[in-house]
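**Q** quick check, what structure comes out for this input:
(chains A, B, C and D)
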There are 2 protein chains.
Amino acid sequence: MKLLDVIKALSNQTRLNILEWLKEPFAHFPAEELADYTPDLGVCVSDIAKKAGMSIPTVSVYLKTMSTANLLTATRKDQWTYYKRNEQAIQELAKHITDKL
Amino acid sequence: MKLLDVIKALSNQTRLNILEWLKEPFAHFPAEELADYTPDLGVCVSDIAKKAGMSIPTVSVYLKTMSTANLLTATRKDQWTYYKRNEQAIQELAKHITDKL
DNA sequence: TGCAAATTTAGGTAATTTCCTAAATACCTA
DNA sequence: TAGGTATTTAGGAAATTACCTAAATTTGCA
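**A** Residues are numbered from 1 along each chain as shown, chains lettered A, B, ... in the order given. Below is the predicted model:
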């Protein structure tokens, strides 16, 4: 893990928000958008962009940044790309800070 | 704690390095510079700047950024400002990531 | 008092990040 | 194959960050 890349992926309020929203999707996204939600897949790009109040391209890049840093996991299904949290990587980050930083 | 401010204080390779150097000063700074080192005080600005290979003003601002974010503690003594790690705040960050992020 | 050493503040240029719109691509379905 | 929806890629303007040098400030001491 390249710590700086992970930290940079987190160093923006919108990206931090996204990570928190994905922790409890039903608390943050309209139920109709989560009609076929599964914890396995997560939430699609356009739903996240709407919640963030930002353009889809911007959020698409944010999500890709976070999945490159391993904080999120992307799954393409049909024409949608779903993103969910990578809980293991988030805990590894915490552990890395505890042990190494 | 404002998570974003702490993360931004960490989102630069030099600042990350400084935090690591201060973990074990004797492993990273010349012994003569640490002649009157105490864990209580830490290391002074110009020694850190020399180690970083950057100008003193730049490093001075970096150190202030990190102490504002509470990651470092500054102590002024005579004409020197010494910086040491704030271990408690670093552990709080790890805990915050574990519990809240 | 007045110089010397350490640090901080100011001010500027270059690089990076933010976030947009337009265009390109992927994948569905008729 | 054509057309529609979702996403990604490209390209660019504005804001922020990275760092420098010069100047100002703080503190000690002859």
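**Q** kindly report the residues of chain A close to chain B.
**A** A:3-4, A:7-8, A:10-13, A:16, A:19-20, A:90-91, A:93-95, A:97-98, A:100-101 (C-beta under 8 Å from any C-beta of the partner chain). All C-beta atoms are positioned from the backbone trio N, CA, C, and that covers glycine.
**Q** which ones among those come in contact with DNA strand C?
**A** A:8, A:11-12 (C-beta under 7 Å from any atom of the strand).
**Q** quickly find the element holding A:T75.
**A** For A:T75, the element it lies in under DSSP states H and E is strand A:72-77.
**Q** give the rounded mean pLDDT of that strand.
**A** In this model, strand A:72-77 carries a mean pLDDT of 98.
**Q** gap between that strand and the chain center?
**A** On the basis of C-alpha atoms, centre = their mean, to the nearest Å, strand A:72-77 sits 10 Å off its chain's mean C-alpha point.
**Q** give the other helices and strands that it contacts.
**A** helix A:56-68, strand A:80-85 (3 or more C-beta pairs under 8 Å, 6 or more residues apart in numbering or on different chains; DSSP states H and E).
**Q** what angle do strand A:72-77 and the first one make with each other?
**A** Relative orientation of helix A:56-68 with respect to strand A:72-77: 120 degrees, computed using axes from the mean of the first three to the mean of the last three C-alpha atoms, to 10 degrees.
**Q** need the pLDDT of A:M1.
**A** pLDDT at A:M1 comes out at 67.
**Q** again, but for the one 3 residues further on
**A** Model confidence at A:L4, expressed as pLDDT, equals 97.
**Q** so it versus A:T38, what's the distance?
**A** A:L4 sits 33 Å away from A:T38, going by C-beta to C-beta, to the nearest Å.
**Q** neighbour count for those two, which is higher?
**A** A:L4 (16 against 10; other C-beta atoms under 10 Å in any protein chain shown).
**Q** test my guess that that one contacts B:Q13.
**A** Yes: contact criterion C-beta atoms under 8 Å: A:L4 and B:Q13 qualify, at 5.6 Å.
**Q** how many residues are close by the closest residue to A:A69 other than its chain neighbours?
**A** In this structure, A:A69 finds its nearest non-sequential neighbour in A:A9, 3.7 Å apart by C-beta to C-beta, 6 or more residues apart in numbering or on different chains. A:A9 is flanked by 23 other residues according to other C-beta under 10 Å.
**Q** over to A:R15?
**A** The tally of other residues near A:R15 (other C-beta under 10 Å) stands at 22.
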